[in-house]
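Enquirer: Predicted model, plus sequence, below.
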Amino acid sequence: MKLLHVVGARPNFPKLAPVHRAGREAGIEQVVVHTGQHYDDAMSDAFFRDLGIAAPDVNLAVGSDTHAVQTARIMERIEPVLTRERPDWVVVYGDVNSTMAAAIVASKLGIRVAHVEAGLRSFDRTMPEEINRMVTDRLADLLLTPSRDADAQLRAEGEPEHEIVFVGNVMIDSLFYALPAARASGFREKIGVNGAAVVVTLHRPSNVDDPERIGVLARVLSEIALEREVVFPAHPRTRDHCARDTMPHGTSEHRASNHHH
């Protein structure tokens, strides 16, 4: 048995970690391909270190661009890797461009595809992630779901019962793995907050690219900050789109981002 895992963006890495560890413990041959969809240290390398995953075997270094260009680059660069490695299964995670691109290429090469976090839907096709989810689930041979409603959604879409396997949310496995180190890091003390703080992350284009939407969110966070400290470790996309005077008064975004970035 040989598994080839494909990851490329921040949300994929904590999903890969427990699956890869389980495969290692079972003695399964594994190859990890990092597409390079997220390529700076804070967004990729640090996750591999903190979650105990070995460095990727292959890095496609596709970088960022439009959805079409990035997807095309991934497809072009991963095809020779799949042809060379000939895994029994290609395992893809979540809903990023790397997920869909790898599923398309593997399917055309006749390699079975397993999708971790299958069956989730926002029912909003203006979100690129929704398109990625739908295409990947149509092509996947094994649909590994995080929740029972995901099972029901796949059945409603006509997926055969034998392809749907409920496995639960693998992010929880990564949470329990990382918790002791997180508690021992002293990070909360370093930025001067206690366990009652609210931690916020915002990065989806639908939330941060629209000035009116980010303004509404900022006002809501301002109200919360009147009662509890709000820590906002800003995603690079959010930082780029969020003017300084839009940030909620009383948040700790600057402290958190200084430590993270």
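Expert: Sure thing, it's come through.
Enquirer: ok, residue 191 touching residue 231?
Expert: Yes: with contact taken as CB atoms under 8 Å, residue 191 and residue 231 are classed as touching, separated by 6.9 Å. To be clear about C-beta, it is placed using only N, CA and C from the backbone, and glycine gets the same treatment.
Enquirer: Which one's more surrounded, those two?
Expert: Shown here are residue 191 and residue 231; by other CB atoms under 10 Å, residue 231 has more neighbours (21 against 17).
Enquirer: quick one, phi psi at the more buried one?
Expert: With angles defined as degrees, to the nearest 10, residue 231 sits at phi -110, psi 130.
Enquirer: Going along the chain, name the helices of the stretch 1-150 of the chain.
Expert: For the stretch 1-150 of the chain, helices defined by DSSP state H, counting those that start in this stretch occupy the ranges 13-25, 45-50, 67-85, 97-108, 128-139, 148-156.
Enquirer: can you put the ones you listed in TSV and add mean neighbour count?
Expert: Converted to TSV, the helices of the stretch 1-150 of the chain look like this (neighbours: other CB atoms under 10 Å):
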stretch	mean neighbour count
helix 13-25	19
helix 45-50	16
helix 67-85	17
helix 97-108	25
helix 128-139	19
helix 148-156	16
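Enquirer: quick one, which of the ones you listed is nearest to residue 37?
Expert: Nearest of these to residue 37, taken as CB to CB: helix 97-108 at 5.1 Å.
Enquirer: which secondary structure elements does the closest one contact?
Expert: strand 2-7, helix 67-85, strand 89-93, strand 112-116, helix 128-139 (3 or more CB pairs under 8 Å, 6 or more residues apart in numbering; DSSP states H and E).
Enquirer: pretty sure residue 91 contacts residue 112?
Expert: No: proximity of residue 91 to residue 112 does not meet the contact threshold set by CB under 8 Å, at 9.7 Å.
Enquirer: So these two - more neighbours on which side?
Expert: With neighbours defined as other CB under 10 Å, residue 91 and residue 112 compare such that residue 91 has more, 27 against 14.
Enquirer: low-confidence ranges in the stretch 151-261 of the chain?
Expert: 241-261 (pLDDT under 70).
Enquirer: now the strands for it?
Expert: Ranges of strands in the stretch 151-261 of the chain, per DSSP state E, counting those that start in this stretch, are 164-166, 198-199, 230-231.
Enquirer: Can you give me the buried ones in the first one?
Expert: Along strand 164-166, these residues count as buried under the neighbour rule (16 or more other CB atoms under 10 Å): residue 164.
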